[in-house]
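> test case, fold it:
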Amino acid sequence: MKFQMNITTSYDDVCRFFSADDLKSFYKSHGCDGLEVMPLDNYDPADLEHPIPPEECSLIRSSMVRGVHCCCLGDWMDKDRQRLIEGYRRDLDYATRMEAEYVVFHVVQVDNEEGMTYKPKHTDREVIDAAADFINELLDEQKYDFWFLMENLWWPGLTFLHPEDTRALLEQVHYKKKGFMLDTGHFLHTNLDLQTQEEGVAYLHAMLDRHEDMISYIKGIHLQQSLTGDYVKQWLQEPHEMPEDPAEQFCWIYEHIFRIDKHEPFTATGVRELVERIDPLYVTYEYITRSREELAEYLEKGRLDKNQI
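Predicted coordinates for the structure are as follows:
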């Protein structure tokens, strides 16, 4: 089992470290073996705070990289197929150059309206079928050697709510080294009534009970949590008007998403036993933080003692 720290190639992330050696020393001191990197060259620079093209980010060296998180595209099903393929191929080529052991791919479809209203326009199975077809086009006849790990969200797609849908995704994807990246926090968002982390652990175990024959396909875990069901319930009771300006709309939507999906340490009693039950190849401490100090605090709070796993 290998432990990773997440990082992007945004200036906000990389400016926290003085050098490659400083970055390596930092994650090593907090119990991590390497990095899970999200390259940001597929994004519009206006959308993020100073993205740095991966090739220009000398701070991150191939010897550090265990995984690469592909770009997070929520609303994609009616977009230009060839442009999507080209964008994802850039991420996969980056993963190959960095000798990554795995890549992460979101299986989801959600537009801005759905994100605001929680009224889906597609079923999980419709999104899974479309995603499997896209993944096959992306990977068929390619000579990649990494694990291709499909990640769950709480929007339509891979949610782990229905084992038959999870199994359908596995069966439809052709790629041999396929599996899942279970994001614990994302799964908790599928239940707005959860109030404690301990309830969240029990909820995850119940899901695993239903997926017993597919647990071995969970090759990675994004270990994080946020219990924000009360916020979502309150949000859905109030009227909201989306800004018309695209830049303002982007910021407004992402502020809302980050209020839901806070990516904080999962510290409940029973988390270690949950991880042991799954026994993944990779555990990534995937946090959203505002500073080096806060990241260090989160890593220490959520850290699993590797000697006991």
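> tell me the pLDDT of the residue nearest to residue 89 when sequence neighbours are not counted.
Sequence neighbours aside, residue 138 is the residue nearest to residue 89 in space, at 7.2 Å (criterion: C-beta to C-beta, 6 or more residues apart in numbering). Using the backbone N, CA and C atoms, a C-beta is placed for each residue, glycine as well. The model reports residue 138 with a pLDDT of 97.
> use 2 as the first number from now on
Renumbered: residue one is now 2, and that last one reads residue 139.
> any chance you could map the helices in the protein?
Using DSSP state H, the helices of the chain run over 12-15, 21-30, 82-98, 113-118, 125-140, 164-173, 185-189, 198-211, 230-238, 247-261, 272-279, 293-303.
> what comes into contact with the fourth one?
It refers to helix 113-118. Here helix 113-118 makes contact (C-beta atoms under 8 Å, 6 or more residues apart in numbering) with 75-76, 120-122, 156-157, 237, 241, 243, 250, 254, 257-258.
> can I get the residues you listed in a markdown table with pLDDT?
Below are the contacts of helix 113-118 laid out as a markdown table (pLDDT from 0 to 100):
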| residue | pLDDT |
| --- | --- |
| 75 | 86 |
| 76 | 85 |
| 120 | 94 |
| 121 | 95 |
| 122 | 95 |
| 156 | 96 |
| 157 | 97 |
| 237 | 94 |
| 241 | 88 |
| 243 | 86 |
| 250 | 84 |
| 254 | 88 |
| 257 | 93 |
| 258 | 93 |
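> tell me the pLDDT at residue 13?
In this prediction residue 13 is given a pLDDT of 89.
> if we can go back for a sec, give the contact list for the residue nearest to residue 90.
86, 89, 90, 93.
> still on that earlier bit, point out the most buried one among the helices of the chain.
helix 185-189 (a mean of 24; mean count of other C-beta atoms under 10 Å).
> dump that helix to PDB, keeping only the CA atoms.
Below are the C-alpha coordinates for helix 185-189, written out as PDB (Å, rounded to 0.1, in the frame of the first residue of the first chain):
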ATOM      1  CA  THR A 185     -14.800   8.400   0.500                       C
ATOM      2  CA  GLY A 186     -16.000  12.000   0.800                       C
ATOM      3  CA  HIS A 187     -17.800  11.900  -2.600                       C
ATOM      4  CA  PHE A 188     -19.700   8.800  -1.500                       C
ATOM      5  CA  LEU A 189     -20.700  10.500   1.800                       C
END
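> I figured residue 276 hits residue 219, correct?
No. Applying C-beta atoms under 8 Å, one finds residue 276 not in contact with residue 219, separated by 10.3 Å.
> closest one to residue 36 among the helices of the chain?
Of all these, helix 21-30 sits nearest to residue 36, with 6.7 Å by C-beta to C-beta.
> show me the contacts for residue 168.
Counted by C-beta under 8 Å, 6+ apart, residue 168 has contacts residue 215.
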